[in-house]
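Peer 1: Sequence plus the predicted model coming up.
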Amino acid sequence: MYKNNYVSVIIAAAGMSNRMRSSVNKQFISIANKPILARTLEKFEECNYVDEIVVVAKEDEVDYCRREIVKRFNFKKVNKVVKGGKERQDSVYNGLLALNERANIVLIHDGARPFIKIENIKDSIEGVVKYGACVVGVPVKDTIKLVEKNENISSTPDRSKIWAAQTPQSFWKDTIMEAYKCAIEDDFVGTDDSMLVERLGICVKMIMGNYENIKITTPEDLIVGESLLKDKEIILNRREFIFQSR
Ligand SMILES: Nc1ccn([C@@H]2O[C@H](COP(=O)(O)OP(=O)(O)OP(=O)(O)O)[C@@H](O)[C@H]2O)c(=O)n1
Ligand SMILES: C[C@](O)(CO)[C@H](O)COP(=O)(O)O
C-alpha cells in the first residue's frame, strides 16, 4: 500500500524464449541456483508498497508456474497466475483483466528482468503519483545509428536524448486500460506498454533505472546474470582493496 493506493504488478512471463534457443521457458532457468522468475518475483514480494502480483504464464505452463514458482517459493502476494497470449501485449492485457478491483496503480514488468532493484520499484510507484505515468530506463552508452535496409547509415541521432526503456512501466489503472483498449481497437501493436499510452498524447516520464536491470534474452545474458550475482562481493572487495592501497 502506498498512500492509500492499491498497487498491482503484472509480471509478463508468457514469451516463447526463441532468442534463448532453449527448450525450457527462459524464466524457469536458474541463475545461481534460483529460477529467474522467482528472482524477479521476490523483488516485488519484498517491496512493501506492492499489494498484489498477477503472473502471466504460457497456457501450458500455468500449473507448473503455480506449483514450482509461487507455491515452492511461498510468494504470498501472487493472487493469480493467468494465461498469456501471442504477443507480449496480449499477455499484459490478460493480466490487466485479472487485476483486483481495488487496483488503481499498475506496474508492468518483464519476468525476464530479475535484477530490478526495490528502490526502482518504489520510484516507479511514487512516479505514478507524481507524474501519472513513468518508465524505468537508462541513458544509452553507445552511439546509435539509424540504418536502412541496404545497411547504409541514414543518420546519427543526438545521443544525449536517447534512453533504453526497461521495465517496470507504471500507470494509473484507468490510463493503461484505456491505452490497451484503444490499441486493440486500432490494431496497434507496440514493443512496450508506454508506446500505447504515448500515442494517446499522454505524457510518460522517464525515470532513472540501473544498468543491471537487463532483460535475459540470449544465452550470453545468463553468464552476465551469474556474474552480476556472484561477482558483486568480489568487485566490492576489490574496490576496497584499491582504495586502501592508494
Ligand atoms: N507473448 C508474450 C511475449 C513475451 N512475454 C514476456 O515479455 C517479456 C519480454 O519479452 P522477451 O524477453 O522478448 O521474451 P520472449 O518473447 O520470450 O523472447 P523471444 O522474442 O526471444 O521469444 C518476457 O518476460 C516474456 O516472457 C509474454 O508475457 N507474452
Ligand atoms: C518492454 C521491454 O522490455 C522494454 O525494453 C521490451 O520492449 C520488450 O521487448 P521484446 O520485443 O519483448 O524484447
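Peer 2: Great, that's in hand. Ligands and ions are numbered 1, 2, ... in the order given.
Peer 1: Compute the number of surrounding residues for Ile11.
Peer 2: 30 (other CB atoms under 10 Å). Bear in mind the C-beta positions are built from the backbone N, C-alpha and C, glycine included.
Peer 1: State the pLDDT value of it.
Peer 2: Note on Ile11: pLDDT of 98.
Peer 1: what's the offset of stretch 185-198 from the middle of its chain?
Peer 2: 16 Å (CA atoms, centre = their mean, to the nearest Å).
Peer 1: Compute the first-to-last residue distance for that stretch.
Peer 2: Length of stretch 185-198, first residue to last, CA to CA, to the nearest Å: 16 Å.
Peer 1: can you check stretch 112-120 too?
Peer 2: 16 Å.
Peer 1: Within the helices and strands, which one has Glu151?
Peer 2: Taking DSSP states H and E as the definition, Glu151 sits outside all helices and strands.
Peer 1: Around ligand 1, pick out the residues from this protein.
Peer 2: Taking CB under 6 Å from any ligand atom as the criterion, the chain approaches ligand 1 at residues 12-19, 56, 84-88, 91, 110-112, 215, 217.
Peer 1: Backbone dihedrals for the residue of the chain found nearest ligand 2, please?
Peer 2: Evaluated by CB to the nearest ligand atom, the chain has Asp192 as its residue closest to ligand 2, separated by 3.8 Å. With angles defined as degrees, to the nearest 10, Asp192 sits at phi -150, psi 180.
Peer 1: Ok, Thr143 next?
Peer 2: Dihedral angles for Thr143 - degrees, to the nearest 10 - are phi -80, psi 130.
Peer 1: and it, what pLDDT?
Peer 2: The per-residue pLDDT reported for Thr143 equals 97.
Peer 1: isn't it right next to Pro157, touching?
Peer 2: No - counting by CB atoms under 8 Å, Thr143 does not reach Pro157; the two are 9.1 Å apart.
Peer 1: Just checking: what are the partner strands of the longest strand seen in the chain?
Peer 2: For the chain, the strand that runs over the most residues, judged by DSSP state E, is strand 163-172. Using DSSP bridges, strand 163-172 pairs in its sheet with strand 105-110 (antiparallel), strand 133-139 (antiparallel).
Peer 1: Those: which one's closest to Cys47?
Peer 2: Closest approach to Cys47 among those is made by strand 105-110 (9.5 Å; CB to CB).
Peer 1: Contacts for the closest one, please.
Peer 2: For strand 105-110, the external contacting residues (CB atoms under 8 Å, 6 or more residues apart in numbering) are 2, 5-13, 40, 44, 50, 92, 95-96, 99, 116, 121, 124-125, 128-129, 167-173, 176, 193, 215.
Peer 1: And for stretch 91-101?
Peer 2: The list of residues contacting stretch 91-101 from outside it, by CB under 8 Å, 6+ apart, reads 6, 8, 10-12, 14-15, 51-52, 54, 56, 79-80, 82-85, 106, 108, 173, 176-177, 180, 184, 193.
Peer 1: Any of the residues you listed buried? List them.
Peer 2: 6, 8, 10-12, 14-15, 51-52, 54, 56, 79-80, 82, 84, 106, 108, 173, 176-177, 180, 193 (16 or more other CB atoms under 10 Å).
Peer 1: Tell me the predicted confidence for Thr156.
Peer 2: Among the per-residue scores, Thr156 holds a pLDDT of 97.
Peer 1: Where does pLDDT dip in the protein?
Peer 2: When residues are selected by pLDDT under 70, those of the chain lie in 231-246.
Peer 1: Distance of the residue in the chain that ligand 1 sits nearest to relative to Ala133?
Peer 2: Using CB to the nearest ligand atom, the closest approach of the chain to ligand 1 is made by Gly15 at 2.0 Å. Taking CB to CB, to the nearest Å as the measure, Gly15 falls 24 Å from Ala133.
Peer 1: Which positions within stretch 47-65 qualify as buried?
Peer 2: The neighbour-count check on stretch 47-65 (16+ other CB under 10 Å) flags 47, 49-58, 61-62, 65 as buried.
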